[in-house]
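Trainee: Sequence and predicted structure are below.
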Amino acid sequence: AERRSPKPQVGGSIPSWPAIPPDQTRAWVLGFGYTMNTNADTGPGMLDTVKLATAAAILVGGIVAYYTYEQQSMLIAVPAVLVAVALAITVFMATERGRLLWKFIQGSRVEIRKVIWPTRQETLQTTLTVFVFALILALFFWGLDFFLLWITRLLTGQGG
């Protein structure tokens, strides 16, 4: 039996997971869930798989070529690897996973703009507070260690 929230705008039974309409499924990109319509098919098609394999082959080919021709000038080898990486990224971004990754990156940029960053004064005050407390705790644990060592030597008869 399927459990659904009575209000679609409210999350599912697990608070950190949103309710998903029945015509959508969850696709995973780098461990983050996104929803995508699945009216046409149930997953990435054969063309997407071929594109992903092509992107991986281009990337591996660029790296292998770099080490195969390492005796050549760095002015030729490094740009060749960079071109291979750029080409592999271009092919990857043409896949469904690439599009989902791009959506995630855009969403992340929006969220970063919402962050209220501390001022220079707040950063310096916080840093100074952390250093002072670290110094106080270091002195406390040094004193505790010294005291416990003194007690241990007193009880075992090794000093004092």
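Mentor: Right, received. Where do you want to start?
Trainee: The closest residue in space to residue 99 that isn't next to it in sequence: how many residues sit nearby?
Mentor: Computed as Cβ to Cβ, 6 or more residues apart in numbering, the closest residue to residue 99 that is not its neighbour in sequence is residue 93, at 7.3 Å. Placement of C-beta: from N, CA and C, glycine included. By other Cβ atoms under 10 Å, 14 other residues sit near residue 93.
Trainee: and residue 93, what does it touch?
Mentor: Listed by Cβ atoms under 8 Å, 6 or more residues apart in numbering, the contact set of residue 93 reads 99, 101-102.
Trainee: Tell me how far it lies from residue 117.
Mentor: When Cβ to Cβ, to the nearest Å is applied, the distance between residue 93 and residue 117 equals 30 Å.
Trainee: And residue 139, by the same measure?
Mentor: Relative to residue 117, residue 139 is positioned 33 Å away (Cβ to Cβ).
Trainee: out of those two, which sits in the more crowded spot?
Mentor: residue 139 (10 against 7).
Trainee: ok but that one is inside a strand, no?
Mentor: No - Residue 139 is assigned helix when assessed by DSSP: H, G, I helix; E, B strand; the rest coil, not a strand.
Trainee: So that it lines up with my notes, have the first residue be 160 from now on.
Mentor: All right, first residue 160 from here; so that's residue 298.
Trainee: separation between it and residue 318?
Mentor: Taking Cβ to Cβ, one finds residue 298 at 23 Å from residue 318.
Trainee: Please apply the same query to residue 310.
Mentor: Look at residue 310 and residue 318: by Cβ to Cβ, they are 11 Å apart.
Trainee: can you list residues touching both of these two?
Mentor: Common neighbours of residue 310 and residue 318 (Cβ under 8 Å, 6+ apart) do not exist.
Trainee: So which residues of the protein form helices?
Mentor: Under the criterion DSSP state H, the chain contains helices at 205-227, 233-252, 255-273, 279-315.
Trainee: mind giving me a markdown table with those helices and columns for mean pLDDT?
Mentor: Output for the helices of the chain, formatted as a markdown table (pLDDT from 0 to 100):
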| stretch | mean pLDDT |
| --- | --- |
| helix 205-227 | 91 |
| helix 233-252 | 89 |
| helix 255-273 | 93 |
| helix 279-315 | 96 |
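Trainee: Distance check, residue 278 against residue 285.
Mentor: 11 Å.
Trainee: so what pLDDT did residue 187 get?
Mentor: What the model reports for residue 187 is a pLDDT of 47.
Trainee: go on, residue 231?
Mentor: On the pLDDT scale, residue 231 gets 78.
Trainee: Sounds good, over and out.
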